[in-house]
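Colleague: sequence? don't have it. structure:
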């Protein structure tokens with residue numbers, strides 16, 4: 001017959017084992033989540049360091065914090081409207097277009113999306129190849145009807161667009177050089193809120209993948225810790241930032257901090273204008 005004291009010790013052991021199992025499961029999920037985010041950054045920003053991950057899940061709060069992150073609440077209402085009629089054009093080009101923009105002029109890009117207009121002031125003088133490429137692609141209708149396919153809400157805070165496939169694997173068929181990586185705005189390895197920058201395939205560990213920008217770009221809606229490896233080529237308008245905040249508030253689909261946005265963000269029409 002088991003005494004009360006023995007029963008208490010048994011319950012204490014079981015409780016301890018459950019705690020250990022929860023903590024170990026939390027650590028596994030944290031490692032998996034960090035791997036997912038790091039893998040996503042290989043597409044978003046290809047090898048950028050996720051500095052927030054280290055040490056963020058230590059201590060007794062590990063299980064509780066991770067379980068809360070892994071079990072998101074019900075999906076919020078989609079804040080965006082219906083997409084305009086039309087289909088993505090399956091365009092591909094053999095080489096980067098000739099540099100024809102006026103580097104001394106001001107250019108703007110307007111993304112008319114299902115969630116609202118996002119205006120971008122482009123840095124033609126500092127990132128001429130990038131701005132020239134977007135002028136070329138947008139004039140061809142390349143971005144029209146494409147989805148912004150990824151929202152990242154932990155460590156870095158970006159909405160990624162520019163992939164006609166909507167998978168993170170699409171591109172225009174050519175690559176462009178990295179530019180403006182010494183921009184004074186990128187202080188302390190931070191891309192400040194309001195920055196628009198290029199995704200690429202650079203891997204900081206192997207030092208390979210320079211000059212691999214294509215058509216995918218990311219819009220920074222909150223200061224994001226990233227090394228200066230991704231061409232900053234413009235800034236987002238105040239009204240565009242409000243649209244991004246609305247998209248970010250709706251969250252992303254995975255509950256892991258990186259996934260497709262719950263908001264249906266479609267670029268109905270993109271234009272680049274010289275002013």
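Modeller: Received, thanks. Please read these numbers as outputs of a predicted model, since none were measured by experiment. Numbering: from 1, shown residues only.
Colleague: Buried ones in stretch 134-153, by neighbour count?
Modeller: Buried positions in stretch 134-153, judged by neighbour count with 16 or more other CB atoms under 10 Å: 134-138, 142-153. Just so you know, the C-beta spots here come from the backbone N, C-alpha and C atoms, and that holds for glycine as well.
Colleague: How about the contacts made by the nearest residue to residue 177 once chain neighbours are set aside?
Modeller: Excluding its sequence neighbours, the residue lying closest to residue 177 (CB to CB, 6 or more residues apart in numbering) is residue 211, at 4.5 Å. Residues in contact with residue 211, defined by CB atoms under 8 Å, 6 or more residues apart in numbering, are 175-178, 200.
Colleague: switch the cut-off to 7 Å
Modeller: By CB atoms under 7 Å, 6 or more residues apart in numbering, residue 211 lies in contact with 175, 177-178.
Colleague: how about the helices in the chain?
Modeller: 4-44, 62-70, 128-139, 238-249 (DSSP state H).
Colleague: In terms of mean pLDDT, which of those ranks lowest?
Modeller: When those are compared by mean pLDDT, helix 62-70 comes last with a mean of 37.
Colleague: rewinding a little: now the contacts of residue 211 in CSV, with pLDDT, neighbour count and distance to residue 257?
Modeller: What follows is these, written out as CSV (pLDDT from 0 to 100; neighbours: other CB atoms under 10 Å; distance: CB to CB, whole Å):
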residue, pLDDT, neighbour count, distance to residue 257
175, 98, 19, 28
177, 98, 14, 31
178, 98, 21, 26
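Colleague: quick one: which of these is nearest residue 119?
Modeller: Nearest to residue 119, judged by CB to CB, of the contacts of residue 211 is residue 178 at 24.5 Å.
Colleague: Dead centre of this protein: give me the residue that sits there.
Modeller: For the chain, the residue nearest the mean C-alpha position is residue 158 (3.9 Å; CA atoms, centre = their mean).
Colleague: Hmm, that one is touching residue 218, no?
Modeller: Yes - here residue 158 reaches residue 218: they are 4.1 Å apart, a contact under CB atoms under 7 Å.
Colleague: which residues of the protein score low on pLDDT?
Modeller: Across the chain, the ranges flagged by pLDDT under 70 are 1-75.
Colleague: any idea where the strands of it begin and end?
Modeller: 107-113, 116-122, 146-147, 150-154, 156-161, 190-191, 195-198, 217-220, 224-225, 232-236, 258-259, 266-274 (DSSP state E).
Colleague: The fourth one pairs with which strands, parallel or anti?
Modeller: What that stands for is strand 150-154. strand 156-161 (antiparallel), strand 258-259 (antiparallel) (DSSP bridges).
Colleague: Give me whichever of these is most buried.
Modeller: Of the strands paired with strand 150-154, the one with the most neighbours on average (mean count of other CB atoms under 10 Å) is strand 156-161, at a mean of 25.
Colleague: gap between that one and the chain center?
Modeller: Distance, stretch centre to chain centre, for strand 156-161: 3 Å (CA atoms, centre = their mean, to the nearest Å).
Colleague: Share the number of residues neighbouring residue 262, please.
Modeller: When neighbours are defined as other CB atoms under 10 Å, residue 262 has 21 of them.
Colleague: and it, what is it in contact with?
Modeller: By CB under 7 Å, 6+ apart, the contact set of residue 262 is 75-76, 78, 250-253.
Colleague: From these, list the buried ones, please.
Modeller: When these are checked for burial by 16+ other CB under 10 Å, the buried set is 250-252.
Colleague: The residues you listed into CSV, with extra columns for distance to residue 240?
Modeller: Output for the buried ones among the contacts of residue 262, formatted as CSV (distance: CB to CB, whole Å):
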residue, distance to residue 240
250, 16
251, 19
252, 19
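Colleague: Return the set of residues that bridge with residue 271.
Modeller: Under the criterion used (DSSP bridges), residue 271 bridges to residue 110.
Colleague: okay, now it: neighbour count?
Modeller: Look at residue 271: counted by other CB under 10 Å, it has 14 neighbours.
Colleague: you'd agree it is up against residue 139?
Modeller: No - if you go by CB under 7 Å, residue 271 and residue 139 don't touch, sitting 8.6 Å apart.
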